[in-house]
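**Student:** coordinates for the following, if possible.
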Amino acid sequence: MELGKLNILIIEDDEDIANRLQKELETFNFTSKIVKKYNEAKSLIFRAEIEFDIYLIDVQLPDGDGFSLIQGIKRKNDDAIVIIMSGYINNKILEKSHKSECFEVIQKPFSIKNDVIPIIKKCIKNIRLKKENLHLNSQILHTSKLAALGELSATVIHDIRGPLTMIQLTCEDIKDDLKHLEVKDIDCVNSHISQINKACSKINKLVDHLRNYSRKDAKEEEEEYKDIEEVIENSLFLVKQKIRSLVVKVEIKIEDKYRLAQLLCYPNKFEQVLMNLMSNACDAMRTVTKKELQIRVYVESQTFNISITDTGEGIPEDIMPKIFDSFFTTKPKGEGTGLGLSIVKNIVKEHAGDLLLASVVGEGTTFTIKLPISRIKIKPNSGDETPSPRAA
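**Tutor:** Numbers count the residues shown, from 1 in each chain. Below you'll find the model as predicted:
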């Protein structure tokens, strides 16, 4: 990141301090703006078209509470960097700054050159690392997609042969029928044509799955409402070959009232989350006799939940706290990067949700995606939860 591209907002009622800060920042080619009043700062922060990289805030403004400004900043951009300036620092201020996830607290009087500038340089490094991390995550997601497409191609090759064979055989039947065709036999021809159309529809559906999964880059994707059943079915399709090869019994349980629910999500990213969890669940059941995968959709305490449960080996208690750490993996050497669950959890957080883990060694594991109920559009319907068993 170029230093001159950094945009800094100074919220400080002391005109002398504010002007000295701005002047010193200009010598380092930083762009800065000064705001001296609470209401002016509040108005500026909430204007959608204006973004700042770093906020230097005096939390003890005469006409308002600086910490309420910080809350507004974080609501708008959780990654915004906030540096607190205060002439009086006590435990309460330190506690509130920690809770607000502020980058640093500086006590007045301070040396701009020796105290403020080094902290801003640390901020630049932090911003650069975050950007690099986002780029790395994007590359890993792309790599994961390529791996999944490899598995998916095997599924498509297997599943496309049936419809193609049907088309070939039906065409042969039509050829034979045409040799002896009478007007009264036209229904027979129509029946064969109908079979061809059905087989073509199956092929189109398979191709659509493949195209939809690979067409969008994660960075270009936008949020949209998607049918929750469709999202689950698409994700299952991506691991279909693994489910089939391991002979895993799959069961989907959705409360009837949410069967037609639509989820506000980044479709490709969210399907990546479900696919990863389903794939891991299958891997966990490789060595067990009972292989059952359950996907459950339900609402609890105003939270929309999607749980994925396997009957695999389970995860030992000493490993569970590390399971979402980057580069941690329980898979044999060469079979896992340890980045899957770390990225999965980050994607769930992008959807304002959380990913929880529960596991018992010898019994199995459940991963639960918890999302705000506000991300759901529910079509009018009601009923009790009913199981939807599937054969794999």
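
**Student:** what lies in contact with the helix or strand hosting Leu21?
**Tutor:** Assigning secondary structure by DSSP states H and E places Leu21 in helix 15-27. Residues from elsewhere that reach helix 15-27 (Cβ atoms under 8 Å, 6 or more residues apart in numbering): 8, 10, 12, 32, 34, 36, 56, 85, 108, 112-113, 116-117, 120. C-betas here are computed from N, CA, C, even on glycine.

**Student:** buried residues of it, list them for me.
**Tutor:** 17-18, 21-22, 24-25 (16 or more other Cβ atoms under 10 Å).

**Student:** just how off-centre is it within its chain?
**Tutor:** Averaging C-alpha positions (Cα atoms, centre = their mean, to the nearest Å) puts helix 15-27 41 Å from its chain's average.

**Student:** so Asp354 is in contact with Ile347, correct?
**Tutor:** No - applying Cβ atoms under 8 Å as the test, Asp354 and Ile347 come out as separate, 11.6 Å apart.

**Student:** the more surrounded of these two?
**Tutor:** Set side by side, Asp354 and Ile347 show more neighbours around Ile347, with 21 against 13, by other Cβ atoms under 10 Å.

**Student:** whatever helix or strand that one lives in packs against which elements?
**Tutor:** Ile347 belongs to helix 340-350 when assigned by DSSP H and E. Applying 3 or more Cβ pairs under 8 Å, 6 or more residues apart in numbering; DSSP states H and E, one finds that helix 340-350 contacts helix 117-179, helix 267-284, strand 354-360.

**Student:** mind redoing it with 10 Å?
**Tutor:** helix 117-179, helix 267-284, strand 354-360, strand 364-372 (3 or more Cβ pairs under 10 Å, 6 or more residues apart in numbering; DSSP states H and E).

**Student:** which residues do Asp354 and Ile347 both contact?
**Tutor:** Common contact partners of Asp354 and Ile347 (Cβ atoms under 10 Å, 6 or more residues apart in numbering): Ile369.

**Student:** wait, Glu300 touches Lys370, no?
**Tutor:** Yes - Glu300 is within contact range of Lys370, at 8.6 Å (criterion: Cβ atoms under 10 Å).

**Student:** who has more neighbours, these two?
**Tutor:** Lys370 (17 against 10).

**Student:** what residues does the more buried one make contact with?
**Tutor:** Taking Cβ under 10 Å, 6+ apart, we find Lys370 in contact with 300-301, 303-307, 348, 352-356.

**Student:** Phe270: which of those is nearest?
**Tutor:** Using Cβ to Cβ, Val348 is the member of those that sits closest to Phe270, with 8.6 Å.

**Student:** ok, Thr31 to Ile54 distance?
**Tutor:** Thr31 sits 10 Å away from Ile54, going by Cβ to Cβ, to the nearest Å.

**Student:** what about Glu12, how many residues nearby?
**Tutor:** 23.

**Student:** so it versus Gly314, what's the distance?
**Tutor:** From Glu12 to Gly314 the distance is 55 Å (Cβ to Cβ).

**Student:** and for Cys200?
**Tutor:** 45 Å.

**Student:** same check on Leu357?
**Tutor:** Distance from Leu357 to Gly314, by Cβ to Cβ: 11 Å.
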